[in-house]
Structures are given as C-alpha cells and as structure tokens.
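K.L.:
Next comes the sequence, and after it the predicted model I'd like to discuss.
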Amino acid sequence: MFATRAVGLAIVLMVALTVGALAGCGAQEPAGSETDSGAEPAEGPQEILIGTVLPLTGKESRIGNYQLDGYELAIEQWNEKGGIYVKEFDRRIPIRLISYDDETDQAKTVSLTERLVTVDNVTALLGGYTTTLVFAQSVVPEKYGVPYVNGGGAATKIYDRGFKYVFGTLSPIEILAKTEMDFLKEQIDAGNLPKPSTIVLLWENTSHGKDFQAGVRAKVEEYPDYFEILLDESFELHASDFSALLNKVNSLEADLFLVDAHLPDYILMHRQYTEKGMYHKFITYGARGPDPAAKDALGAATDYVAAAVWWTPDLPYPQVQQFNQDFMEFTERKYGEAKPPQWYAAVTYEAARALFTAIEQAGTLDRDAIRDALDNLVLEPSILPGQRLTFSDSGQALNPFVVVQNMPGGETVIIYPEDAKTGEPVVPVPAK
Amino acid sequence: MTDLLSVTVSGLLLAGLYATMSYGLTMIYGVMKIINLSQAGTFMLAAYVAFTLFTYLGLDPMLSLVIIVPAFFLFGMLLQRLFVSRVPLANTPTLPSLLLLFGIWLVLQNLAYMIWTGDDRSILTSYTYSTINFLGLQLSFTRVMVFLIGLLALFALQAFLTRTYTGKAIRALTQNRPACMLVGIDVDRIAMLAFGIGVAFDALAGTLMSLLYAFTPAFGNTFMLKAFVIIVLGGLQNYYGVAIGALVLALVESWAVMFMPASLQPAIAYTLLVIVLVLMPRGITGLLEGRRTV
C-alpha cells in the first residue's frame, strides 16, 4: 500500500516538475497575461506580441539585462500612449513583450527563438546579445519570415547572408576599428605619437574580432607610413588566462595596444596587463572601456583606456539627455535603484523604437509589410550618433562611432570626432 | 633570451596555482576512486566567499584562508556524509558518482547566481597591481604570493601524509582498500576526512584564484578540466606526479604561445591529455618508474 502510494506520489511529482519546466522555461511575462496571442476579436488583437531571447543569466547576463531594460523602457513609453497605432484597425494596440533567458547558450537561444515564433506566435522579434548568439538566433526569423531587429550583433557576418528580415542598430565593427585608427592618425599628425606607430593587434577569435582586425588592417594598408603591425593574433573568447599571451606582447614594446574583446575578456586581460606592469602609449579594447562593471572590477587601472562606442550618455543631443533621465527613472522603478545609462540599453531602446515605428508606418500587423517598412525606415531624431537611424541594404545600421577615453576619477569623455568632443584626449597615456 | 626566461618564470608561477588546484582532485580520486566534478563549484564558491569577506569585512583574501579552508573542510565532509557516501564504491569512477557531483556543481552555480548575480566580480587589494623585480624581470607580487602559498600547501600536505596516522591511512586507502579494512582502518571515516581535505584544497585554490582572476558563477570549469589533465599527467593518485604534471602543463602552455596563436592555447591541455592517455596511461611518474625498473 505504502509502496503504491510512494510510486503514485513520485509520478505526480515528476509530471508536475515536467509541466512546470515546460511552462516556465525561463520566460518572464507579466502576471496574468496570456502566453498565446489567442483568439482575436473582430476589431483586431488586444495586444501586439513581441518576443525576445536574451542572456539574462550566465556569462553575458549583466549586458543581457541592460538590453532587456532598453526594450522594456521603449515598450513602457509606447504603452503609455496606448500602444502602437495600427491603421488597419484604426486604433492603438498595447505591446506585450515575451522574454526568454538563453543563459548565454547558443543552442538555447535558437530553440527559444523558435518557440517565440511557433508557440507564442509573436508578430515580430527583438534580438539578443553577443554577435555569436545573434548570429545563431537570427536564422529563425529568416526561416519563418518574422521581422527581427537587434541591438546586440555588430559583426558583418550576421548581415552578409542575404537575409531579408534581419535588422540591427549596431554599426559594423570594421567601422569601429577604422574610427579608432582615424583618431590615431590624427594623434600621429599632431605629434603625440611616433610615426610610424607600432601596433600589437589582438582580437577575439569570432566574427566580431575578425571584423576588428579587418578594420585595423585596412587602415594600416591605407596609411603605410603611419602604422606598422608587430603582432596580429587572435585569442579564445571567454578565455581563462592571458598571461602567456601578454608575455609575448610585453617583449615587443609596441606603441599601440589594440584589442577587440567582450567585457569578461577585457576585465581579465586588462587586470593581468596591469599586474604585469605593462605600458603602451594608447590602449583600447574595441568597444569596451567605459563600462561601469570594468571600472568596479579594475579600479584605477581603467584610467586612459579608450574605446569606440555606438553610443555614450555624454552625446550632446537633447534626446540623449531625455533618454538618460527616462532610463534612470525606469530602472529605479524596476530595481529600486537607478542604473547608469549604458550603450547596451540605448541600442536596444532604438531597436525597439525602430520596430514599433515600422509597425505604425506599415499600418498593419502583416509581417512582410513590417519588414518593408523597416527597409525604408528613417528614425529621426535618433539617440545614436548622427541622430538618424536607417538600415542599409544588408539590414545593418551605418551610424558613426564616437571615441571615448576614461579619465582619472571615473569620468569618461568623448575625444573624437571633433564636433562631439567633451574633453581632450590624453595621448600618450602617462606611464604609471 | 630574456623573453624565454620571462615566459619560463611566468610558467613556473602558474604551475604553483595549477598544482594547488589539482591536489584536491587527486586526493578524492585516490581514496574514493571518484572524479570530483563539483570541484569547479568549490573554486567558484570559495572565490565568492573571499570576495564577500573582503567587501563587507575588509578581510584580505590571504588572511581569509584561515576561515575559508576550515569552513570548506567541514563543508566537504558534510557533502561526503550526506551524498557521496551513498554512491556505491568501485575501482573506477561510476556514472552515479559523476552525475551526483555534476549535479552538486550545478546547484552551487545556481545558488551563486541567486546570491551574487551573474556580474563579473574581482578583488582589488592594495597589492593587486604591485610588481617586484627579480633578475631584471617584473613579476606580479600577487602571482608570487600565490605561488609561495601553493608551495607551502604542498609541504604541509606532504608532512600530513607522511607524519600523521590519518595521512598514512589516506595513503594506505589510496593503495589498497581491502587491506585497510583487514587491518582495522575506519575506511568510512578516512574517506570522509579525505573528501573534506580535498574540498579544502579546492577552496584554497579558489581563494587564490580570486586574487588573480575576475569571476562569475560560471567560473572554474576551465580550471577543473586543467586539473583533470594534470592528475592524468601525474598518474592519477601521485602527489609528486601532480606537481610534475602541473609544471609540464604550465610550461608547455606558456612556451607554446611564443610559437603558435594564443587562440589555440586551450587545445594544448587536451592534446596533452590525449597523448598521455595513449602513450603513457600511468602518467609521467608511471613512465619514470617504468624506466627505473628497466
């Protein structure tokens, strides 16, 4: 009798756990909301379902959560107006975001994106984070013909596959590298750096890193009198140790230390760089440098590190100041503590705005019509550098970058281009 | 020449850490014939405990070892008593033991996500970025200290294993379990102590790593795989072998980067693992002992 009961209990528990796991699966939805788009009344749907899969836990969770904040802020602002005006139904329809956590896992990001399309039946998708994960998940919207706008994938490899439904607000990494090289050429012309300046070029072994390498190499070929590469080498993404590689770098005594790395690698490599007492006249980790997480983890070691970024809260546009204020108020409501605005959130905020504007312009929830609207979209004023967001034929935005540099005391200033400058560059950086 | 010397010294310092993080795995494998797949979780948890003690109490991680190592020794014994002792023992690692310890690792990892979130954390002490000059080489003070503590731990372990009854019992249990039972050694108690010591060593390594690396709850798995390679190199249950294995791996990794792209560095450990398993399954020490007998 007891044994039968125990077996029965075990079966009930297993069924409950299985159902719970299937139903939960990392989804974060508003309480009381439906999972499915459900039956639509004659006057159209009650809400527009938008889906996203982000790394909310795991290695990239910090940035993934920032990106979710950007999406949620945009949705909150549109819903305050009643939602997106859809001409076909002649009314505003509220937006509901369904978000899943891929745990920074490539396989999960694909299956969860597929679930958003096939089970949740979302109208459109907002993208995830890291080039690798965006590259993987963006296959799904193309396969099912669902408009997809991301703020987390910058490598050209994502966009050169001839996809029609994939759009991104991050300009190519190659342009990022070229912007930094143009800045360095200016510094050489000003006599702040030797001519030619010798380069150590390190890049993560991903399409992101390869684009960075291509950008640097293109400029070295364009200005052969200005630059000379002493070392050009890739490293493993999310590596556990860089000491051996840094030994190699240290022996070369180059002028410029040009690295393309994601945040965890930037923190580890620069920590070990500083531990070894290394010095270069200019240091960059690509798009990483002013990140508060790195400043917390590395302290004063981040002083004078430069980065080319897609966005910075110091951009001198009124819409950026408004975004900064809105973001801090939003995060204070959400977390009980205001988060400082970061580019991770700004680019997803713009991705969401671009998508919602395209839906409004399409005047329908037809996915092909939304895709066409994204193709022809001009979002003005944008909070991104250049103040105008459009998508190129490949689907990728081509906004300019700004170069920023960390200063002692935790401040970060824009040092390039001239018209956006908020401070003077410190080049060469002082020896410690 | 300076480059080679610099890389060699750097490899030597790394070997100290590699050896420290492998002793726990060796001890647990030697006594219980199980591979402690929860080791990465212990590295990570110890790093977070050191971080918490440093952040909230201002306790230097090197001083916090006085608290962390005994605490994890007790934690390890508790783990062994509550979970590991229920797994049937065998002469080779069994699937239930692997699954159990893998499960413990996942639980620890998710607990860490709940408590400390997934943000990158690191410990910045007043000496983190200090360097010392040795033979004209600039060496990281922290790395030198980590090496010295690792060396001290090796001597302490050696003294414990050779001069105490429990240490001798652990060595005996490593060599022949049935014989130990015949001569009246309390094998269950010794196994529990050995597991506790193994986990304490992992915690020591994790605390030292917190001085060198930034960490998240996912921290530790790469190091655990390296530790596994090291103990295979060392012959699985030989502490001198572990020290040699750590030295070989650290030096090969450091030297190789001078001649090959750094992105291939992670492949070095696994290539070594395959070579050792195929050519010298008893590890480097087995090979040396074989030569001696010939």
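P.N.:
Received, thanks. Numbers count the residues shown, from 1 in each chain, chains lettered A, B, ... in the order given.
K.L.:
hmm, whichever helix or strand residue B:99 is part of in reach of chain A?
P.N.:
Following DSSP states H and E, one finds residue B:99 within helix B:95-116. Yes. For helix B:95-116, a contact with chain A is found by Cβ under 8 Å from any Cβ of the partner chain, at residue B:113. Bear in mind the C-beta positions are built from the backbone N, C-alpha and C, glycine included.
K.L.:
other SSEs contacting that helix?
P.N.:
Applying 3 or more Cβ pairs under 8 Å, 6 or more residues apart in numbering or on different chains; DSSP states H and E, we find helix B:95-116 packed against helix B:39-57.
K.L.:
relative to helix B:95-116, how tilted is the helix or strand that comes right after the helix it packs on?
P.N.:
Per DSSP H and E, the first helix or strand lying C-terminal to helix B:39-57 is helix B:61-82. Per axes from the mean of the first three to the mean of the last three Cα atoms, to 10 degrees, the angle that helix B:61-82 makes with helix B:95-116 is 140 degrees.
K.L.:
Show me what helix B:61-82 is packed up against.
P.N.:
helix B:39-57, helix B:141-163, helix B:187-210.
K.L.:
for these, which one ends up most surrounded?
P.N.:
When those are scored by mean count of other Cβ atoms under 10 Å in any protein chain shown, the highest mean neighbour count falls to helix B:187-210 (a mean of 25).
K.L.:
State the mean pLDDT of the helix or strand just after that helix.
P.N.:
Sequence order places helix B:221-234 as the next helix or strand after helix B:187-210, per DSSP H and E. Average pLDDT, helix B:221-234: 89.
K.L.:
Repeat that for stretch B:146-161.
P.N.:
The model assigns stretch B:146-161 a mean pLDDT of 91.
K.L.:
thinking in terms of the whole chain, how far from its middle is stretch B:155-165?
P.N.:
Centre-to-centre, stretch B:155-165 and its host chain are 18 Å apart (Cα atoms, centre = their mean, to the nearest Å).
K.L.:
Then stretch A:64-76?
P.N.:
12 Å.
K.L.:
which residues sit against that stretch?
P.N.:
The contact list for stretch A:64-76 (Cβ atoms under 8 Å, 6 or more residues apart in numbering or on different chains) reads A:50, A:52, A:54-58, A:95, A:97, A:99, A:101, A:104, A:126, A:128-129, A:151-152, A:326-327, A:330-331, A:334, A:339, A:342, A:344-353, A:356.
K.L.:
May I have that stretch as PDB, with CA atoms only?
P.N.:
Output of stretch A:64-76 as PDB, limited to C-alpha atoms (Å, rounded to 0.1, in the frame of the first residue of the first chain):
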ATOM      1  CA  GLY A  64      21.600  41.000 -21.400                       C
ATOM      2  CA  ASN A  65      19.700  42.600 -18.500                       C
ATOM      3  CA  TYR A  66      20.700  46.000 -19.700                       C
ATOM      4  CA  GLN A  67      19.400  45.200 -23.100                       C
ATOM      5  CA  LEU A  68      16.100  44.000 -21.700                       C
ATOM      6  CA  ASP A  69      15.800  47.300 -19.800                       C
ATOM      7  CA  GLY A  70      16.200  49.100 -23.100                       C
ATOM      8  CA  TYR A  71      13.400  47.100 -24.700                       C
ATOM      9  CA  GLU A  72      11.100  47.400 -21.700                       C
ATOM     10  CA  LEU A  73      11.600  51.200 -21.400                       C
ATOM     11  CA  ALA A  74      10.600  51.700 -25.100                       C
ATOM     12  CA  ILE A  75       7.600  49.400 -24.600                       C
ATOM     13  CA  GLU A  76       6.500  51.300 -21.400                       C
END
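K.L.:
buried sites along that stretch?
P.N.:
A:64-75 (16 or more other Cβ atoms under 10 Å in any protein chain shown).
K.L.:
How about the residues of chain B by chain A?
P.N.:
B:2-3, B:6-7, B:10-11, B:14, B:113, B:117-122, B:124, B:128-129, B:131, B:138, B:140, B:142-143, B:212-214, B:216, B:218, B:222-223, B:253-254, B:256-258, B:261-263, B:265-266.
K.L.:
So, low pLDDT: which residues of the chain?
P.N.:
By default, I'm working from chain A. Residue ranges of chain A with pLDDT under 70: A:1-42.
K.L.:
meant chain B actually
P.N.:
Using pLDDT under 70, chain B drops low at B:1-2, B:236-237, B:284-294.
K.L.:
how many other residues sit next to the residue of it found nearest chain A?
P.N.:
Closest residue of chain B to chain A, Cβ to the nearest Cβ: residue B:118 (3.3 Å). By other Cβ atoms under 10 Å in any protein chain shown, the residues close to residue B:118 number 23.
K.L.:
Buried ones from the residues of chain B next to chain A, can you make that a ChimeraX selection?
P.N.:
Those of these that count as buried under 16+ other Cβ under 10 Å are selected in ChimeraX with:
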select /B:6,7,10,11,14,113,118,120,121,122,124,128,129,131,140,142,143,212,213,214,216,218,222,223,253,254,256,257,262,263,265,266
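K.L.:
Give me the contacts around the helix or strand hosting residue B:167.
P.N.:
If you go by DSSP H and E, residue B:167 is part of helix B:165-175. Contact partners of helix B:165-175, identified using Cβ under 8 Å, 6+ apart, comprise B:27, B:30-31, B:160-162, B:179-180, B:185, B:187, B:190-191, B:193-194, B:197, B:237.
K.L.:
if we go to 6 Å?
P.N.:
Residues from elsewhere that reach helix B:165-175 (Cβ atoms under 6 Å, 6 or more residues apart in numbering or on different chains): B:30-31, B:160-161, B:180, B:185, B:190, B:193-194, B:237.
K.L.:
mind listing what residue B:278 touches?
P.N.:
By Cβ under 6 Å, 6+ apart, the contact set of residue B:278 is empty.
K.L.:
Angles on the backbone of it, please.
P.N.:
Per-residue torsions, residue B:278: phi -80, psi -50 (degrees, to the nearest 10).
K.L.:
in the helix holding residue B:167, what's buried?
P.N.:
So, applying 16+ other Cβ under 10 Å, buried residues of helix B:165-175: B:167, B:169-170, B:172-174.
K.L.:
How about stretch A:283-293?
P.N.:
A:283-291, A:293.
K.L.:
Distance check, the nearest residue to residue A:87 once chain neighbours are set aside against residue A:146.
P.N.:
Nearest residue to residue A:87, sequence neighbours excluded (Cβ to Cβ, 6 or more residues apart in numbering or on different chains): residue A:363, at 3.2 Å. The gap separating residue A:363 from residue A:146 is 18 Å, by Cβ to Cβ, to the nearest Å.
K.L.:
For the closest residue to residue A:387 other than its chain neighbours, which three-state class applies?
P.N.:
Spatial nearest neighbour of residue A:387, excluding adjacent residues (Cβ to Cβ, 6+ apart): residue A:381 at 4.8 Å. At residue A:381 the chain is in coil, as set by DSSP: H, G, I helix; E, B strand; the rest coil.
K.L.:
Make sure residue A:381 is actually in contact with residue A:319.
P.N.:
Yes. Judged on Cβ atoms under 6 Å, residue A:381 makes contact with residue A:319 at a distance of 5.0 Å.
K.L.:
residues touching residue 249, list them.
P.N.:
Just going to use chain A. Taking Cβ under 6 Å, 6+ apart, one finds residue A:200 in contact with residue A:249.
K.L.:
Not quite, go with chain B.
P.N.:
Applying Cβ under 6 Å, 6+ apart to residue B:249 gives the contacts residue B:230.
K.L.:
so which helix or strand takes in it?
P.N.:
Using DSSP H and E, residue B:249 sits in helix B:239-259.
K.L.:
Same check on residue A:273?
P.N.:
Residue A:273 belongs to helix A:263-275, assigned by DSSP H and E.
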